[in-house]
Structure formats: structure tokens, C-alpha cells
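K.L.:
Requesting a structural model of the entry that follows:
(one chain, ligands or ions: 1)
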Amino acid sequence: MKNAVLDRAAKYEKKVVRFLRDIVAIPSMSGEEKEVVERVGNEMTDLGYDEVRTDKLGNVIGRIGKGKKTILFDSHLDTVDIGDPDNWSHDPFKGKLDSRFVHGRGTSDNKGGLASMVYGGRVLRDLALDGGYTILVVGSVMEEDCDGLCYKSMIEEDKTRPDFVCLGESTNLRIYRGHRGRMEIKVTVGGKSCHASAPHRGVNAVYKITPIIQGIEKLNRRLKNDKDLGKGTIAVTKVDCRTASLNAVPDQAVIYLDRRLTKGESKKSAVAEVRKIVQRTGKVEVLTYERKSWKGHTLPMEKYFPTWVLPEEHDLVQAGADAFRELFSRRPKIDFWTFSTNGVYTMGIAGIPTIGFGPSEEKFAHSPLDRCPIDHLVKASAFYAALPTALRGRLTSKGKK
Ligand SMILES: [Zn+2]
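P.N.:
Alright, predicted model coming up:
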């Protein structure tokens, strides 16, 4: 199988590069993915996918095969903005090409992965490698704003629930199996307003929240470390207050907290730690994301994105390792992301076994150095095409199918 898959993926090199450059040239910030979704859908149709459609939120879904069990390949189509254009040495929306890389916004996060997956589907179809599975290739939306929201919609509203998920976020062609979780918390403290010329008549909400801020700083120091995922962290990211004027005592103060969760930490434990600091002084709440998709659909989602880890010995991780060894004749590196992905929902909330394998490197994401190596696009396509057969082989040998 090895040479056939690699040869076939290499045959599509020019096309996958062309496709990536085309979708990079279509700006697609979160909630504004309409045009890129249409472009991706057309490519899937041209490549002979059995079915191409969009769901309620606006994810584009291409299907190949119709087995009982489903493997879903996900890459998100939205990107972050470009920041200061002067920091770019070329047009971020041109898909600049040199001998080794495609450059531009989204090439590493996550349009390179998407291009590889769309062509991986074609390779798999050419060589009849679906392994008896239904294969879904998904260009998902709104990931940069609210990771996992696209799968909350697909699984809960569209009733499409895959059995296995492979994410195309950059892993530098390593196999990843999890990352830290995160959440956004708001703390509100009330006071009593009065004229600032006689502050003793009121209760200054800013003074009341100050010890809470100090408590958060101390809490960060004692949060635990995990050898795989790194340390849990908490940071005050915004301070606000409500005041009648600059000569009035504020009657409300608010802080926003960014909490990164490591292994063993949950929403419950993280909220309890903050409540212990706040006590009865104020209110603690987890924020909710609520924004319209390009299709005009709003699906509110609590901003709690759980930590997830798939055990290294899991069949999906090992099938990934089998596919990698078969194709590249060496052992893959198995590791974890630093950033967050749609795995917070697929594995973190829905409990669907999830791994990641993607072209390019995390360090280029969201930066003006955003780029994707051309040889990674080809190798990743080959990996996606080989994964279903490897998974089938592993499960069959264990009698699990
Ligand atoms: Zn991403």
C-alpha cells in the first residue's frame, strides 16, 4: 500500500498547492466563512465526493463511502485577522509560493490541513481505501472564536455523530492526542456609590475587588503541573468598573479571568477555587459565547473547553502510528498541542476518540510568518488516506471491527 498511497498523493501536489493558495486568497474571519465554504464545497464536488452539503451552523461536509461507522477529518476554515499589515513581508491573502512553502494567513492554521484532507479524501477514493467506513471531511467554522461550537452544532443539531475524529491542526506531522482545556470566568462585585468628596459614605467596589485580584495571582502560583500537558494557569485579563462620574465612588467592579486547565482540572474544580477566594463578596460566572454564524444561526455555548487526552495505547492513536510507520518507515512522535482545538468538544465533551495530525508547525499559527511546507501537504494527504485502513486492520485483529 505504502508506495501507491505516497505516489498518488504526490501526483496531486500541484493541485493541492493551487487549492490551498486559492482558499488563502479568500479572507475568512470567524462568522464570515461563506465564500470559502462555497469554494471548498466546489472542490469536493469536482473531486468526486459522494455528497457535499452544509449543516445548520455552516460547516461544509464532504462524504465518501457509506459504512456503518464514521471517521471524521476536521480542519477549520476560519482564521484570525492579520494584525498590523506592516509586519508582513508579503500580501497575507495572496498565497505566496516559493520552492518550499505556501505563505499567507491561515496556511498553518488551519487551511493547509484542510487542503490536505480534501485531497486525502480523493487519494483514498482513487485507491478504494475507505476501510468500510463512512469518511467525512469537514471544513468547520468559528473555531478561532469558540473552539468546539461547530461540533456542538453538528452533533446536537445535525445529529451527525462520528465514531472517530482526526484533526488537521498543525502538528509538524506528529501524532497528537490532547491538550490543556480553558475557560473564561467573570467576577462581579457590588458597592455603594456616593460623592467622592466623602468616600466614607459609600462602599468602593474597586477596593472590594482588589484582594480578590491578589488572591487570583496567588492561586496561579499554586496550580498544579502535569508532565504531559504543562501547568494549569489563571490570569486576570481585564478589569472594569461602573461609576457615575470621575468624582463618584464606583458601585460595581468586574474582573475577567482566563483559566487554562491541565489534566485532572475541571469546570467544577476551577470555579470552586475562584469562589473560595471571592466568598460572599461577589458573583462568579462562566461566560457564554453567542454570535451569529455566516448562515445566520446563533447557538449559545458556555466558554468552558475541557482538557482532553486520549491514552497512547488507544486503538486510534496506535492506528495513526501504524499508518505513519507504513508510509514513512519510521516511528512517529506522539505528543500534545500547546494551543486549543475542536477536540475540546469531540473528545472533551462528546467523548469521541480524537487524534491530530497536521501539516506545518504550531509556532507559525497567528503570526506574520504563517506558512505551510509543500511536502507536508503531500505527506499529510497520504496519512489521511492511509488512516482508515490502518484503523480497520487494528480493530479487526482485535476482533472489535
Ligand atoms: Zn486552529
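K.L.:
The residue nearest the centre of the chain: helix or strand, and which one exactly?
P.N.:
Nearest to the geometric centre of the chain sits residue 341, at 2.1 Å (CA atoms, centre = their mean). Using DSSP states H and E, residue 341 maps to neither a helix nor a strand.
K.L.:
Apart from its neighbours in sequence, what residue is nearest it?
P.N.:
Excluding the flanking residues, the one nearest residue 341 by CB to CB, 6 or more residues apart in numbering is residue 169, at 4.8 Å. Just so you know, the C-beta spots here come from the backbone N, C-alpha and C atoms, and that holds for glycine as well.
K.L.:
To which secondary structure element type does the one you found belong?
P.N.:
Here residue 169 is coil, with the state taken from DSSP: H, G, I helix; E, B strand; the rest coil.
K.L.:
contacting residues around it?
P.N.:
For residue 169, the contacting residues are 75-76, 109-110, 113, 176, 337, 339, 341, 356, 358, 362, by CB atoms under 8 Å, 6 or more residues apart in numbering.
K.L.:
If we use 6 Å, what do you get?
P.N.:
With contacts defined as CB atoms under 6 Å, 6 or more residues apart in numbering, residue 169 is in contact with 110, 341, 356, 358.
K.L.:
Greatest separation within those: which pair is it?
P.N.:
Largest separation among the contacts of residue 169 by CB to CB: 110 and 356, giving 10.4 Å.
K.L.:
any low-confidence regions in this structure?
P.N.:
For the chain, the stretches with pLDDT under 70 are 1-2, 400-401.
K.L.:
Near the ion, which residues of it? Just list them.
P.N.:
When proximity is defined by CB under 5 Å from the ion, the chain lies next to the ion at 109-110, 169.
K.L.:
Closest one of the residues you listed to residue 348?
P.N.:
Among the residues of the chain next to the ion, and counting by CB to CB, the member closest to residue 348 is residue 169, at 14.4 Å.
K.L.:
Run through the helices of the stretch 151-300 of the chain in chain order.
P.N.:
Applying DSSP state H, counting those that start in this stretch to the stretch 151-300 of the chain gives helices spanning 205-222, 267-278.
K.L.:
What residue spans form the domains of this structure?
P.N.:
Domains of the chain are assigned by automatic domain parsing as 2-179+307-397, 181-289.
K.L.:
Put together CSV for these, with distance to residue 300 on each row.
P.N.:
Formatted as CSV, the domains of the chain follow (distance: least, CB to CB, whole Å):
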stretch, distance to residue 300
domain 2-179+307-397, 9
domain 181-289, 5
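K.L.:
what's the most buried one of the ones you listed?
P.N.:
For the domains of the chain, the largest average neighbour count (mean count of other CB atoms under 10 Å) is found in domain 2-179+307-397, namely a mean of 21.
K.L.:
Quick one: list the elements packing against the host helix or strand of residue 123.
P.N.:
In this structure, residue 123 sits in helix 112-126 according to DSSP H and E. With contacts defined as 3 or more CB pairs under 6 Å, 6 or more residues apart in numbering; DSSP states H and E, the packing partners of helix 112-126 are helix 2-11, helix 13-24, strand 70-76, strand 134-140, helix 374-397.
K.L.:
on contacts alone, who are the packing partners of the second one?
P.N.:
Other elements packing on helix 13-24 under the criterion 3+ CB pairs under 6 Å, 6+ apart are helix 34-46, helix 112-126, helix 374-397.
K.L.:
ok, the closest residue to the ion within the stretch 201-350 of the chain to residue 356 distance?
P.N.:
Distance from the ion to each residue of the stretch 201-350 of the chain (CB to the ion) is smallest for residue 341, at 6.3 Å. Distance, residue 341 to residue 356, using CB to CB, to the nearest Å: 7 Å.
K.L.:
okay, and the common contacts of the two?
P.N.:
Taking CB under 6 Å, 6+ apart as the contact rule, residue 341 and residue 356 both touch 167, 169.
K.L.:
what's near enough to touch residue 302?
P.N.:
Contact analysis of residue 302 by CB under 6 Å, 6+ apart lists 286, 288.
K.L.:
In the sheet, which residues pair with it? Tell me.
P.N.:
Counting by DSSP bridges, residue 302 forms beta bridges with residue 288.
K.L.:
go on, residue 138?
P.N.:
For residue 138, the beta-bridge partners under DSSP bridges are residue 61, residue 74.
K.L.:
which residues are in contact with stretch 325-339?
P.N.:
Stretch 325-339 is contacted from outside by 2, 174-176, 178-179, 228-229, 312, 321, 324, 362, 382, 386, using CB under 6 Å, 6+ apart.
K.L.:
Among those residues, which pair sits farthest apart?
P.N.:
2 and 229 (33.2 Å).
K.L.:
quick one: contacts for residue 291?
P.N.:
With CB under 6 Å, 6+ apart, residue 291 has these contacts: residue 31.
K.L.:
I'd like to know how far it sits from residue 78.
P.N.:
Here residue 291 is placed at a distance of 12 Å from residue 78 (CB to CB).
K.L.:
what sits up against stretch 50-69?
P.N.:
Residues outside stretch 50-69 that contact it (CB under 6 Å, 6+ apart): 37, 40-41, 44-45, 49, 121, 125, 130, 132-141, 150, 153-154, 157-158, 163, 293-295, 297.
K.L.:
Apologies, that question was intended for stretch 170-179.
P.N.:
For stretch 170-179, the external contacting residues (CB under 6 Å, 6+ apart) are 108, 308-310, 317, 320, 332-337, 340, 355-358, 360-362, 379.
K.L.:
Among those residues, which ones are in strands?
P.N.:
Residues of the contacts of stretch 170-179 located in strands (DSSP state E): 308-309, 334-335, 355-356.
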